[in-house]
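Asker: Sequence plus the predicted model coming up.
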Amino acid sequence: MPVATRPFGHCEDGREVHLYELQNSSGMRACVTDLGACLQAVVVPDGRGSFVDVTLGYDGAPGYLHNGADFGAIVGRNANRIAGASFELAGTTYHLAANDGPNSLHSGPHFWFERLWKLADGPRQNGDGSCQLTLNLLSRPGDQGFPGALDVFLTYRLFEDGRLELSFEAMPSATTIVNLTCHAYWNLNGHAAGSVLSHELWLDCDRYTPSDARLIPTGELADVTGTPYDFRSTKVLGRDIWLVPGGYDTNFVLKNDERVERVARLTGDQSGIWMDVWTDAPGLQLYTAGGLDALGKGGVHHGRFDGVALETQFFPDAIHHKNFPQPVYAPGHPFVSRTVFAFGHAER
């Protein structure tokens, strides 16, 4: 069946949680839950007749209700950090919760990825063989401390050629910050395979945004040449990681000029599975899960460096750096963004 729906548990107030499955004719599957609109599984062929689940997640609703690891999470209203947990728009200062020292991280602690979203469309198969579903969340005025309401639609679409597309559209009722991303952790050797440090990574990035000890950007756009952040030629993810305290948690400056272009390729060293990232976002956060400690699907323990996130986004703390692209939207000017994860494998 190209699309399926099954029970996935319940919220603490008794509301039912669902898991939606999209499948193409090659057997590739993407599973999404309406709890947080989280990406729960991506199962792809490895070229040896097997299928491999390449993203970290949980087996049911209880894990996603307390998703401290952010597995597969859809992050809003602002992904990443805002310094001082406050910002100014149009002469008004807005205060957010400080949940990462003095700063705001992923707009917590009232995270979008721990809320039940509504099914707006699908799951259904299209005439071209692709299948899709759309989830909706209405973020009320003042939610998480941000001005105005925000009506958010996220469409997951799986294509016959192995592309998984995430399309965001968010309509604000007032001028506000909108910076949305998917915080999936990838392990292309399989979600239970352990460290990803032998994966290979290529990034189409000449610059990155250096940050302070609390991962707040300094405002500089620095050249990657001669640094551990140079992935312009494919290299093993762990080659230079020990030169970066705690591992990579770094924003890279993309060169796509707000067009959907290929910006990254990640390759599993054991499976031969590769994943290309295409996006129109201005930045990409490379996070090698240096602080990961969680039990995932099948009771597997995921520890340090057992997954890698490639989060397409506006730059961290962009609102405080006017030389960064600005994540500010207003009525009549919706946030629209598209990211594609395209999968394939080396011939075996």
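Answerer: Looks like it arrived, so ask away.
Asker: CA atoms only: put the strand or helix carrying residue 7 into CSV for me.
Answerer: Assigning secondary structure by DSSP states H and E places residue 7 in strand 3-10. Taking Å, rounded to 0.1, in the frame of the first residue of the first chain, the C-alpha atoms of strand 3-10 are listed here in CSV:
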residue,chain,number,x,y,z
VAL,A,3,-0.2,5.1,2.1
ALA,A,4,-1.3,3.8,5.5
THR,A,5,-2.4,5.1,8.9
ARG,A,6,-2.1,3.2,12.2
PRO,A,7,-2.5,4.0,15.9
PHE,A,8,0.6,5.2,17.6
GLY,A,9,-0.5,5.7,21.2
HIS,A,10,-2.2,8.5,23.1
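Asker: contacting residues around it?
Answerer: The contact list for strand 3-10, computed with C-beta atoms under 8 Å, 6 or more residues apart in numbering, reads 16-23, 33, 35, 60-62, 122-125, 131, 133. Backbone N, C-alpha and C define where each C-beta goes, glycine included.
Asker: Quick one: buried ones out of the residues you listed?
Answerer: Among the contacts of strand 3-10, the ones that count as buried by 16 or more other C-beta atoms under 10 Å are 17-23, 33, 35, 60-61, 122-123, 125, 131, 133.
Asker: from the residues you listed, which is closest to residue 141?
Answerer: residue 35 (23.4 Å; C-beta to C-beta).
Asker: how much space between that closest one and residue 29?
Answerer: Distance check for residue 35 against residue 29: by C-beta to C-beta, to the nearest Å, it reads 18 Å.
Asker: Repeat that for residue 204.
Answerer: As judged by C-beta to C-beta, residue 204 and residue 29 stand 28 Å apart.
Asker: List the residues that contact the residue nearest to residue 347 when sequence neighbours are not counted.
Answerer: Nearest non-adjacent residue to residue 347, counting by C-beta to C-beta, 6 or more residues apart in numbering: residue 47, 6.1 Å away. Neighbouring residues of residue 47 by C-beta under 8 Å, 6+ apart: 272, 273, 345, 346, 347, 348.
Asker: Just say helix, strand or coil for residue 47.
Answerer: On the three-state scheme (DSSP: H, G, I helix; E, B strand; the rest coil), residue 47 is labelled coil.
Asker: which stretches of the stretch 1-150 of the chain form strands?
Answerer: Assigned by DSSP state E, counting those that start in this stretch, the strands in the stretch 1-150 of the chain fall at 3-10, 16-23, 29-33, 39-45, 51-53, 73-75, 81-82, 86-89, 92-95, 104-105, 118-125, 131-139, 150-158.
Asker: sorry, that was for the stretch 151-300 of the chain
Answerer: 163-172, 176-177, 181-183, 185-186, 200-203, 207-208, 222-223, 235-236, 249-253, 261-267, 273-279, 283-287, 294-295.
Asker: Of these, which is nearest residue 56?
Answerer: The closest of those to residue 56 is strand 185-186. By C-beta to C-beta, the value is 4.1 Å.
Asker: Just name whatever secondary elements that closest one is in contact with.
Answerer: strand 308-313 (3 or more C-beta pairs under 8 Å, 6 or more residues apart in numbering; DSSP states H and E).
Asker: Going by neighbour count, which residues of the strand it packs on are buried?
Answerer: 308, 309, 310, 311, 312, 313.
Asker: Just give the closest residue to the second one, not the sequence neighbours.
Answerer: The one in question is residue 309. Closest residue to residue 309 in three dimensions, ignoring its sequence neighbours and counting by C-beta to C-beta, 6+ apart: residue 287, at 4.2 Å.
Asker: Now do the strand holding residue 7, average pLDDT.
Answerer: Across strand 3-10, pLDDT averages out at 97.
Asker: between it and strand 16-23, how big is the angle?
Answerer: Using axes from the mean of the first three to the mean of the last three C-alpha atoms, to 10 degrees, the inter-axis angle of strand 3-10 relative to strand 16-23 is 150 degrees.
Asker: related to what we said a few turns ago, quick one: which of the buried residues of strand 308-313 is nearest residue 151?
Answerer: Nearest to residue 151 among the buried residues of strand 308-313: residue 313, at 20.3 Å, using C-beta to C-beta.
Asker: That closest one touches residue 251, doesn't it?
Answerer: Yes. In this structure, residue 313 is within contact of residue 251 by C-beta atoms under 8 Å, at 7.4 Å.
Asker: since we're on the residue lying closest to residue 128 once chain neighbours are set aside, how many residues are nearby?
Answerer: Using C-beta to C-beta, 6+ apart and skipping the chain neighbours, the partner closest in space to residue 128 is residue 160 (7.3 Å). By other C-beta atoms under 10 Å, 13 other residues sit near residue 160.
Asker: quick one: pLDDT of residue 160?
Answerer: Predicted confidence (pLDDT) for residue 160: 98.
Asker: looking at it, it is touching residue 129, isn't it?
Answerer: Yes. At 4.5 Å, residue 160 counts as touching residue 129 under the criterion of C-beta under 8 Å.
Asker: Can you get me the centre-to-centre distance for stretch 105-115 and its chain?
Answerer: 13 Å (C-alpha atoms, centre = their mean, to the nearest Å).
Asker: contacting residues around that stretch?
Answerer: 35-38, 64-67, 70, 72-81, 96-97, 99-100, 137, 139, 143-144, 146, 183.
Asker: Only whichever of the residues you listed are buried, select them in ChimeraX.
Answerer: To isolate the buried subset of the contacts of stretch 105-115 in ChimeraX, counting by 16+ other C-beta under 10 Å, use the following:
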select :35,36,37,38,64,65,67,70,72,73,74,75,76,77,78,79,80,81,96,100,137,139,143,144,146,183
